[in-house]
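Chemist: here's my sequence, what's the structure:
(one chain, ligands or ions: 1)
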Amino acid sequence: MAGSMLSIGECMVELMQAEGGMLRKGYAGDTFNTAYYARLFAPAGWTVEYLTAVGTDVVSDEMLSFIEGTGVGTAHIARIEGRMPGLYMIHLKDGERSFSYWRSTSAAKLLAGDPDRLRAAIEKMDVVFFSGITLAILAPDAAETLLSELRRSKASGKRVVFDPNIRPRLWNDASRMRATLEAGARSATMVLPSYDDEATHFGDASVGGTIERYRDLGVADIAVKDGANGVTLQFGEGERLHIPAAPVSRIVDTTSAGDSFNGSFLARLAAGHRPADAAAFAARVAAAVIGHHGALVAREKLPISE
Ligand code: ADP
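Modeler: Residues are numbered from 1 along each chain as shown. All right, here's what the predicted structure looks like:
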């Protein structure tokens, strides 16, 4: 069963504290993490591509090699002279993580700079995924270029998937943040929000309230993630279903819980599984991922049978 998924956004260099004051280098970013997990669990014949922009420097070369090594396609990654990838550092103090970012001039901010290229990439794909972070890093006119392309895709019947992934730090204006996230949802056929964030920033009083708000924005398919409380699905006019979280023996690092859920959920839907079955599978993947350090957990560390 051939098919293709495109994830659009920013992958960054990650520097993490290691033994003896050393720094360990990795690569991560919500939309890339989602692509990674989609690739891990994609049905045979499916390809997963990543669309972003990087520079022409050594750091960018290394990032591309890393992405290729994961099996995620790089054909839609633009190279921009004079720009570099964004970078972030994870600090660990008394078991608490905090983050510093250097991303204000990252190459990825220019990912929608060539509308023809964007259209050509999106047109070829069966499923397109983007997030609120993708929208946050783009200048307003670039975000509108991307959204108008996604609206065209939605109108043509393509599956367009949006995770609002609300990060107030990336937006300097809360009302523009909300308006742009709503525009993101209107461009999508499916949203994968996290209830905590939605309640905080949109004032939803319940998971049902989040679902109704997105339905009012014209989104057909909704999966609201709610950490250990599981996921609630509303697909089209179907029955509203609650899928419990899978048990976790020891939570080591919750980074990428939502992203691993998204990627594996979309992979299972692509394989033709029913939403409830796809969500139960994705809950098992997310539960396994948070039992390990880091955003991108190797397949062999995930005890997930197909
Ligand atoms: P995000 O990382 O986007 O905030 P959530 O915290 O809602 O997303 O987590 C996404 C998914 O990961 C949940 O729907 C659930 O399946 C799984 N998950 C998250 N936290 C836990 C937990 N403590 N126990 C079991 N599963 C969890």
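Chemist: as a check, name the ranges of all helices in the stretch 101-250 of the chain.
Modeler: For the stretch 101-250 of the chain, applying DSSP state H, counting those that start in this stretch gives helices covering 115-123, 132-137, 140-155, 174-186, 195-202, 207-216.
Chemist: for the ligand, find the nearest of those helices.
Modeler: Of all the helices of the stretch 101-250 of the chain, it is helix 195-202 that lies closest to the ligand, at 6.3 Å by Cβ to the nearest ligand atom. Every residue, glycine included, has its C-beta placed from N, CA and C.
Chemist: now for that closest one, which elements pack on it?
Modeler: helix 174-186, helix 207-216, strand 221-225 (3 or more Cβ pairs under 8 Å, 6 or more residues apart in numbering; DSSP states H and E).
Chemist: could I get these as JSON lines with mean pLDDT?
Modeler: Putting the helices and strands packed on helix 195-202 into JSON lines (pLDDT from 0 to 100) gives the following:
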{"stretch": "helix 174-186", "mean pLDDT": "98"}
{"stretch": "helix 207-216", "mean pLDDT": "98"}
{"stretch": "strand 221-225", "mean pLDDT": "98"}
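Chemist: could you dump the helices of the stretch 101-250 of the chain to TSV with mean neighbour count and distance to Y27?
Modeler: Below are the helices of the stretch 101-250 of the chain laid out as TSV (neighbours: other Cβ atoms under 10 Å; distance: least, Cβ to Cβ, whole Å):
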stretch	mean neighbour count	distance to Y27
helix 115-123	15	21
helix 132-137	24	15
helix 140-155	17	22
helix 174-186	17	24
helix 195-202	18	24
helix 207-216	18	31
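Chemist: need the helices and strands packed on helix 195-202 in JSON lines with distance to A155, can you?
Modeler: Below are those laid out as JSON lines (distance: least, Cβ to Cβ, whole Å):
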{"stretch": "helix 174-186", "distance to A155": "11"}
{"stretch": "helix 207-216", "distance to A155": "18"}
{"stretch": "strand 221-225", "distance to A155": "16"}
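Chemist: what's the distance between V127 and H76?
Modeler: According to Cβ to Cβ, to the nearest Å, V127 and H76 sit 14 Å apart.
Chemist: angle of the lengthiest strand in the chain against helix 140-155?
Modeler: Secondary structure of the chain read by DSSP state E shows that its longest strand is strand 46-54. In terms of direction (axes from the mean of the first three to the mean of the last three Cα atoms, to 10 degrees), strand 46-54 departs from helix 140-155 by 170 degrees.
Chemist: from here on, call the first residue 27.
Modeler: Yes, from this point I'll number from 27; that puts the last item at strand 72-80.
Chemist: how far off centre is the next helix or strand after strand 72-80?
Modeler: Heading C-terminal from strand 72-80, the first helix or strand you meet, by DSSP states H and E, is helix 84-95. Centroid displacement of helix 84-95 relative to its chain, using Cα atoms, centre = their mean, to the nearest Å, is 19 Å.
Chemist: returning to that earlier point: tell me, what's touching V153 and H102 both at once?
Modeler: Counting by Cβ atoms under 8 Å, 6 or more residues apart in numbering, the common neighbours of V153 and H102 are L32.
Chemist: circling back: now the helices and strands packed on helix 221-228 in CSV, with distance to the ligand?
Modeler: Below are these laid out as CSV (distance: least, Cβ to the nearest ligand atom, whole Å):
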stretch, distance to the ligand
helix 200-212, 14
helix 233-242, 11
strand 247-251, 3
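Chemist: out of these, nearest to H227?
Modeler: helix 200-212 (6.7 Å; Cβ to Cβ).
Chemist: quick one, what contacts L176?
Modeler: L176 touches I148, V154, F156, V186, S213, A214, counting by Cβ under 8 Å, 6+ apart.
Chemist: I'd like the distance between the third one and the ligand.
Modeler: Relative to the ligand, F156 is positioned 15 Å away (Cβ to the nearest ligand atom, to the nearest Å).
Chemist: hang on, S282 packs against A61?
Modeler: No. If you go by Cβ atoms under 8 Å, S282 and A61 don't touch, sitting 12.0 Å apart.
Chemist: and those two? Which one has more around it.
Modeler: A61 (33 against 24; other Cβ atoms under 10 Å).
Chemist: can you name the residue of this protein nearest the ligand?
Modeler: For the chain and the ligand, the shortest gap (Cβ to the nearest ligand atom) falls at G284, measuring 2.1 Å.
Chemist: give me the mean pLDDT for whichever strand or helix holds that residue.
Modeler: Element membership for G284, per DSSP H and E: helix 283-296. Regarding helix 283-296, the rounded mean pLDDT is 98.
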